[in-house]
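**Student:** with the input below, show me the fold.
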Amino acid sequence: MKIKQISLFLENKPGHLNAICRTLAKAGINIVTLSLADTQQFGIVRLIVEDWERGRDELEKAGHVVNVRDVVAATVNDVPGGMADLLDAVGAVGVNIEYMYAFSFRTNDKAILVFRFDDADKAIEALKRIGADILDASTLFSH
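**Tutor:** Residues are numbered from 1 along each chain as shown. Here you go, the predicted structure:
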């Protein structure tokens with residue numbers, strides 16, 4: 001299952017991240033997880049929200065340029081080598097990880113990671129073969 005992620009550029013100045021969060025809050029849209037990567041002048045904020053279409057629309061109305069990307073949320077065994085096993089599986093089928101970030105909660109004895117793959121469908125099949133759970137949006141939003 002693929003999940004929609006909202007991405008947007010953000011000027012690296014005080015209050016700019018808050019403006020995005022406030023825009024979504026005023027619209028009643030919950031942020032499930034986010035990642036912020038920055039440079040000296042700009043950053044990229046990546047968000048998974050409960051209603052990505054409304055989130056995109058509200059952010060665009062507020063003047064932001066928004067991109068929507070498919071990402072994959074997968075479980076990884078939270079033990080030494082768990083991440084290496086997952087990386088072995090996607091690497092074996094020639095899939096590149098463009099970026100990834102961790103979710104703020106766990107499910108049972110597993111951590112949850114969000115990935116942007118260059119070939120999500122191929123990665124999903126490889127991950128399923130090693131027993132990784134591929135989570136859908138409703139599962140993520142129920143935590």
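
**Student:** quick one: distance of stretch 60-74 to the chain centre.
**Tutor:** Mean C-alpha position of stretch 60-74 versus that of the full chain (C-alpha atoms, centre = their mean, to the nearest Å) differs by 10 Å.

**Student:** what's that stretch in contact with?
**Tutor:** 1-9, 19-20, 23, 48, 52, 56, 59, 86, 103, 112-117, 120, 123-124, 127, 132-135, 140 (C-beta atoms under 8 Å, 6 or more residues apart in numbering). In this view, the C-beta of every residue, glycine as well, is placed from N, C-alpha and C.

**Student:** kindly recompute the last result at 7 Å.
**Tutor:** 2-9, 23, 52, 56, 59, 103, 112-117, 120, 123-124, 127, 132-135, 140 (C-beta atoms under 7 Å, 6 or more residues apart in numbering).

**Student:** now, of the residues you listed, which are buried?
**Tutor:** 2-8, 23, 52, 56, 59, 103, 112-117, 120, 123-124, 127, 132-135, 140 (16 or more other C-beta atoms under 10 Å).
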